[in-house]
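K.L.:
pasting a predicted model and its sequence here:
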Protein chains: 2
Amino acid sequence: MSSIPKIVILGAGYGGILTAQRLQKELNYNEADVTLVNRHDYHYITTHLHMPAAGTDSIEHARVPISKLIDEFKIDLVKSAVKDIRPHEKKVILEDGTLSYDVLVVGLGGEPETFGIPGMREHALTIRSINSVRLIREHIEYQFACYKNDSKASRMNFVVGGAGFSGVEFVSELADRLPRLCKEFDVDPGVVHLYNVEAAPTALPGFDKELVDYAMKVLKDKGVSLRIGVPIKECLPEGVIIGDGEHIEASTVVWTGGIRGNRLVEQAGFEVTRGRVAVDEYLRAPGFDNIFIIGDSSLILSAEGRPYPPTAQMAMQQGVNCAKNISLLIRGKSLEKFRFNHKGTVASLGKGEAIAVVNGKKWKGWKAAQLKKAVDIRYLYKIGGIPLVIQKGRFF
Amino acid sequence: MSSIPKIVILGAGYGGILTAQRLQKELNYNEADVTLVNRHDYHYITTHLHMPAAGTDSIEHARVPISKLIDEFKIDLVKSAVKDIRPHEKKVILEDGTLSYDVLVVGLGGEPETFGIPGMREHALTIRSINSVRLIREHIEYQFACYKNDSKASRMNFVVGGAGFSGVEFVSELADRLPRLCKEFDVDPGVVHLYNVEAAPTALPGFDKELVDYAMKVLKDKGVSLRIGVPIKECLPEGVIIGDGEHIEASTVVWTGGIRGNRLVEQAGFEVTRGRVAVDEYLRAPGFDNIFIIGDSSLILSAEGRPYPPTAQMAMQQGVNCAKNISLLIRGKSLEKFRFNHKGTVASLGKGEAIAVVNGKKWKGWKAAQLKKAVDIRYLYKIGGIPLVIQKGRFF
């Protein structure tokens, strides 16, 4: 290492932002150079994207300028897209330059996993960024406007692939929004159909059965056609072929069925399982003492040897541990092991409805929905304090 | 005629609504059966459509439920689309039935005239109804959302064909809206281009040269690329070929270049010039004492023998005269001649800008913009009184 070690953080998602903020606190003046690289000049709140995607909330509630979250006197912010990571050269190639590092944090986020379903990558929309979410919202509204001019029935059919966490949260919001769009565009609600298709035998895997049943009842009451245990065989430009060959003709297919690690991680030569790197107990890439991988591209096994699903909660805790370990590393001390502390899970089911498990206790309905808001607000407070809570928080 | 004459009014536009409202006042109890047929259950304010089309105002400011404008105890309202007019059988074929009449008023509105420009009918959007206007707005927003995902440059090029009254009003609003869309979608305003292409040697034909020059300066200041005296040779799925063969690649082409009469009028066998019927001095179709044609499908010559352009002002005055003549007709009295009283013209040029000629006096800028609002409010008052002014009026 040079006299002042250079720390480069790739990605300002949950993991990257937490790492940057904690380093900012931990490090002394001139102890290290920290650079945060992000494609956009904003951080976005991925767990909130299902709302602007459905159009039930403003996109501005789902993002924050990074400059509001970090101290630019302490951390350099580079707005650029990463093109290549070169671990052996200790370099990162950006679309408009190159950065060298002593310590690297890779928090680039994941990518949709389509499991090789033909046509899915080409034709389906995905909830993965502010831009992709705006596209979903506008695409849906555009179908309504077009339908009033060409009366094409498939425009009023909406298919959501996947009934996991993201799928169910998005379907719930869309089910809330569609009647409002019908009113706005003078469309008979009877011609609108919303399908939720899931290959697994149950929706919301990992949730308690009682809560899953509750969630499914909420969706049914909202008019969602559930196809659970039914795989999508193919995605077409106009709809999907499911299970037994049924063709659901739909101009809108949103795929939420899976997340894999970032392709840049695989491209960099790290060993991956579905694009994710099984990091060591200090969150480092195997064979590289100076490279931490956190968030969706990292693989952490539970005590039972099962991989934890990539979540915001996981990424945030990794960020905190990662920052701590970086400061220990540059001070030549021994690192602290990462241990995931699973605090609970809340899934929103549209306006006033949710299911939750917190410290083993189950919640549903209005109380769970309040819990969801509390979790959102707690996150805003964590990264931006009271001012951010006031500016971006949704309290009603 | 039967003992109680049956009057059928086709279309609830400016002409049809004014005819219905005046008949409602003029006729005595049981003097006639009046039926108003309209495709939608709302009346829309065509002169206001350029704003919701550009997205600078809500669609709800541009329409009113017909039930609020007429007394349904006095006038039957039939929501249906006209398929055929059979003057010799005294029948109108609707999409879901048939109506017979003794006196018919045809106020079905016009259609875009594309002057045989190849591809224009297929590929261009037009400002002609609430539905077509919502399509324009959503189409434009969709281009921004798509551009942020595929970076296709043509998505940020917008072409408006025609710099007549409607074209200039729409271009002005769109020029106001585009910077706001850039902000909303994080698009660099430098990549956005708005073209206004007009084949005639001048924009806004019929307006005083000083005012036309003023309007062109306003458009230029808003960043509009003006191509006046340049014809569109062809409209393609992605843009237009103009004048000397230049291809402007654009995902959005809005055609405002002309209006012709309704095809149903031609189809009915009336003699037409560009789809419009040269009505007699009482607004009747030649050869039919019992058929009045008003609005965009009627042709009225000025004292100098030139056809008046079809305007809201013209249709409204025709509606008043038509209602008067119908009551005279069924009472066996002689009809009153129609005389167009041209009160003036106001063209809006976006927020706070307009040009106007009223009683021969010229206005421009902020004062003309206030005049435009006054004209709009006067119309709301005319058809719906104070309540409608309060509900739909734009005062700021």
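P.N.:
That came in fine, so what should we check first?

K.L.:
next one, pLDDT for the residue nearest to the spatial centre of chain A please.
P.N.:
Per Cα atoms, centre = their mean, the C-alpha nearest to the average position across chain A is that of residue A:46, at 4.3 Å. The model reports residue A:46 with a pLDDT of 92.

K.L.:
which stretches of the stretch 51-200 of chain A form strands?
P.N.:
Applying DSSP state E, counting those that start in this stretch to the stretch 51-200 of chain A gives strands spanning A:63-65, A:75-79, A:82-86, A:91-94, A:97-100, A:103-106, A:111-112, A:125-126, A:157-161, A:193-198.

K.L.:
whoops, I mixed them up, the stretch 251-396 of chain A
P.N.:
Under DSSP E, counting those that start in this stretch, the stretch 251-396 of chain A gives strands at A:252-255, A:259-260, A:277-278, A:291-293, A:298-299, A:344-348, A:354-358, A:361-364.

K.L.:
take those and lay them out in JSON lines including mean pLDDT and distance to chain B.
P.N.:
Placement of C-beta: from N, CA and C, glycine included. Formatted as JSON lines, the strands of the stretch 251-396 of chain A follow (pLDDT from 0 to 100; distance: least, Cβ to the nearest Cβ, whole Å):
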{"stretch": "strand A:252-255", "mean pLDDT": "98", "distance to chain B": "12"}
{"stretch": "strand A:259-260", "mean pLDDT": "93", "distance to chain B": "19"}
{"stretch": "strand A:277-278", "mean pLDDT": "96", "distance to chain B": "28"}
{"stretch": "strand A:291-293", "mean pLDDT": "98", "distance to chain B": "27"}
{"stretch": "strand A:298-299", "mean pLDDT": "96", "distance to chain B": "27"}
{"stretch": "strand A:344-348", "mean pLDDT": "92", "distance to chain B": "24"}
{"stretch": "strand A:354-358", "mean pLDDT": "93", "distance to chain B": "28"}
{"stretch": "strand A:361-364", "mean pLDDT": "94", "distance to chain B": "35"}
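
K.L.:
nearest to residue B:157, out of these?
P.N.:
strand A:252-255 (25.9 Å; Cβ to Cβ).

K.L.:
beta partners for residue A:284?
P.N.:
For residue A:284, the beta-bridge partners are residue A:292 (DSSP bridges).

K.L.:
ugh, wrong one, I meant residue A:37
P.N.:
residue A:10, residue A:78.

K.L.:
pretty sure it contacts residue A:93?
P.N.:
No. Counting by Cβ atoms under 8 Å, residue A:37 sits too far from residue A:93 to count as a contact (11.0 Å).

K.L.:
who's more crowded, these two?
P.N.:
The residue with more neighbours, out of residue A:37 and residue A:93, is residue A:37; 24 against 16, by other Cβ atoms under 10 Å in any protein chain shown.

K.L.:
residues near residue A:188, how many?
P.N.:
Neighbours of residue A:188 (other Cβ under 10 Å): 8.

K.L.:
which residue is the nearest non-sequential neighbour of it?
P.N.:
residue A:182 (7.1 Å; Cβ to Cβ, 6 or more residues apart in numbering or on different chains).

K.L.:
isn't that neighbour right next to residue A:190, touching?
P.N.:
No. Using Cβ under 8 Å, residue A:182 makes no contact with residue A:190, being 9.1 Å away.

K.L.:
OK, contacts around residue A:41?
P.N.:
For residue A:41, the contact set (Cβ atoms under 8 Å, 6 or more residues apart in numbering or on different chains) comprises A:65, A:66, A:67, A:77, A:79.

K.L.:
and the residues you listed, which of them are buried?
P.N.:
Neighbour-count burial (16 or more other Cβ atoms under 10 Å in any protein chain shown) applied to the contacts of residue A:41 gives A:66, A:77.

K.L.:
picking that back up, the residue nearest to the centre of chain A against residue A:14, yeah?
P.N.:
Yes. Using Cβ under 8 Å, residue A:46 is in contact with residue A:14, at 7.2 Å.

K.L.:
what touches both of these two?
P.N.:
Shared contacts of residue A:46 and residue A:14 (Cβ under 8 Å, 6+ apart): residue A:312.

K.L.:
where's the nearest residue to residue A:330 once chain neighbours are set aside relative to chain B, distance?
P.N.:
Leaving aside its chain neighbours, residue A:330 sits nearest to residue A:5 (4.9 Å; criterion: Cβ to Cβ, 6+ apart). Noted for residue A:5: a distance of 34 Å to chain B, by Cβ to the nearest Cβ, to the nearest Å.

K.L.:
residue A:353 now?
P.N.:
As judged by Cβ to the nearest Cβ, residue A:353 and chain B stand 28 Å apart.

K.L.:
OK, contacts around the closest residue to that residue other than its chain neighbours?
P.N.:
Nearest residue to residue A:353, sequence neighbours excluded (Cβ to Cβ, 6+ apart): residue A:218, at 5.2 Å. Contacts here follow Cβ under 8 Å, 6+ apart; on that basis residue A:218 touches A:172, A:349, A:350, A:353.

K.L.:
list the contacts of the second one.
P.N.:
What that stands for is residue A:349. So residue A:349 contacts A:168, A:169, A:172, A:215, A:218, A:219, A:355, A:369 (Cβ under 8 Å, 6+ apart).

K.L.:
which SS state does the residue nearest to residue A:353 fall under?
P.N.:
The three-state label given to residue A:218 by DSSP: H, G, I helix; E, B strand; the rest coil is helix.

K.L.:
what about residue A:186, how many residues nearby?
P.N.:
Using other Cβ under 10 Å, residue A:186 has 16 neighbouring residues.

K.L.:
meant to ask about residue A:332
P.N.:
Counted with other Cβ under 10 Å, residue A:332 comes out at 6.

K.L.:
any idea how far it lies from chain B?
P.N.:
Residue A:332 is 43 Å from chain B, where distance means Cβ to the nearest Cβ.
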